[in-house]
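Student: I'd like to go over a predicted model; first the sequence, then the structure.
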Amino acid sequence: LRHASATAAQYAPLRRDPSLFAASSVSGWLDERFSQLLTAVRRGEEAPFLIEEVASEVYTFPLLRAEACGALAAEVDHFGASGLEARRPNSMNNYGLVLNDIGLRPALTELQSLVQPVLQALFPTEGAQLDDHHSFVVSYRPEEDKGLDMHTDDSDVTLNVCLGDDFEASGLTFCGNVGAPDHRQLSTTYQHTPGRAVVHLGRRRHGADDIQRGRRINLIMWNYNRPYRNSAEYRARAQFYAREAAPPAPECTSFTHDRDYAQVRGDADPQVRLKAAKFASRAWCPPPSLEYEGFRGGAGRYRAIDPLHRDLMD
Ligand SMILES: O=C(O)CCC(=O)C(=O)O
Ligand SMILES: [Fe+2]
């Protein structure tokens, strides 16, 4: 954290658009339709017309004006050109950037509080209150990171806003909730458009399809609800894991997490086998004894481990 605030301090005099960093500027980022949506939600309307449910528990709505998207994306590129070091959002994204590290935390905390009533209306338990966030951008180009493997987020509710740019393919594919019988069944593929937000639970499996042309840059906010994380409901859910009802959909298998990636994606393909082999010793899904009928995957991280003490190996 010391590193993060040091970077933010070094970057402060170099900011491209200093006004972007002020919490008071955030109301000016909003698409006017979002303001209408907020009014409808505050009135208690059940299903405000500006929210689209693209799949069960996956919603989209207009959030940011084009100018705000452009200013945020330009600031990210400007930081990149400064030569300052910043953390990458996750081990699989080499071109993203943690926004809290460059000084945007106050502004993004303001954005979180403006969006929270909508998240609460859509996810009454997880979105009931939000008290922290991990915010970053992801960036994809055909010659850089093309996409993102299937995963779940370490968040209670995730907000994902497209900042731009001009691109083809690069859909966001959703499967089921981790631990549910349909965890790895295909739900929907959503095509992002700049300014629009997609919101979903952190426990929902999702991934970014490979981009074919252009660049896609998105603002991701992992929202945390600490009281929910300390609740009996949360703990009970974390302990429960259901057997998968059927073999997984190929689109929903993960080369980092799944023991059966190569088998499901076609073990004859050398590229698929290579990807799966790289993570074979760490793959954990599905957990032992909860495999679907016909499972033919590897042993994963549980290999040669006393099943009663497998948690010791994490
Ligand atoms: O590419 C996207 O839009 C989603 C990125 C994502 O899921 C993540 O970084 O957790
Ligand atoms: Fe994610």
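Tutor: Structure's in. What do you need? The structure presented is a predicted model; accordingly, all values stated were derived computationally and were not measured. Ligands and ions are numbered 1, 2, ... in the order given.
Student: quick one: mean pLDDT over stretch 71-83.
Tutor: Across stretch 71-83, the average pLDDT comes to 95.
Student: which residues sit against that stretch?
Tutor: The contact list for stretch 71-83 (CB atoms under 8 Å, 6 or more residues apart in numbering) reads 11, 14-17, 20, 64, 86, 97, 99, 102, 104, 137, 139, 163-165, 217, 219. C-betas here are computed from N, CA, C, even on glycine.
Student: buried ones among the residues you listed?
Tutor: 11, 15, 20, 64, 86, 97, 99, 102, 104, 137, 139, 163-164, 217, 219 (16 or more other CB atoms under 10 Å).
Student: nearest to G202 among those residues?
Tutor: Closest approach between those and G202, by CB to CB: L219, at 16.1 Å.
Student: quick check: bridge partners of the closest one?
Tutor: Bridge pairing for L219 (DSSP bridges) gives the partners V137, V161.
Student: kindly provide the distance from it to G297.
Tutor: L219 sits 35 Å away from G297, going by CB to CB, to the nearest Å.
Student: now swap in F79 and tell me
Tutor: 41 Å.
Student: near ligand 1, which residues of the stretch 1-150 of the chain?
Tutor: By CB under 6 Å from any ligand atom, the part of the stretch 1-150 of the chain that sits against ligand 1 consists of 89, 138, 148.
Student: can I get these in a markdown table with pLDDT and neighbour count?
Tutor: Listed next are those as a markdown table, based on pLDDT from 0 to 100; neighbours: other CB atoms under 10 Å:
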| residue | pLDDT | neighbour count |
| --- | --- | --- |
| P89 | 85 | 22 |
| V138 | 95 | 23 |
| L148 | 94 | 20 |
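Student: strands - which of the contacts of stretch 71-83 land there?
Tutor: Applying DSSP state E to these, the entries found in strands are 97, 137, 139, 163-164, 217, 219.
Student: could those residues be laid out in CSV, adding pLDDT?
Tutor: Converted to CSV, the ones in strands among the contacts of stretch 71-83 look like this (pLDDT from 0 to 100):
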residue, pLDDT
L97, 92
V137, 96
S139, 93
L163, 97
G164, 90
I217, 96
L219, 97
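Student: farthest-apart pair in these, please.
Tutor: Pairwise distances across the ones in strands among the contacts of stretch 71-83 (CB to CB) peak at 14.8 Å, for the pair L97 and G164.
Student: so how far is G147 from the closest residue to ligand 1 within the chain?
Tutor: In the chain, the residue that lies nearest ligand 1 is A208 (3.5 Å; CB to the nearest ligand atom). Distance, A208 to G147, by CB to CB: 4 Å.
Student: who has more neighbours, those two?
Tutor: When neighbours are counted by other CB atoms under 10 Å, A208 comes out ahead of the other of A208 and G147, with 25 against 18.
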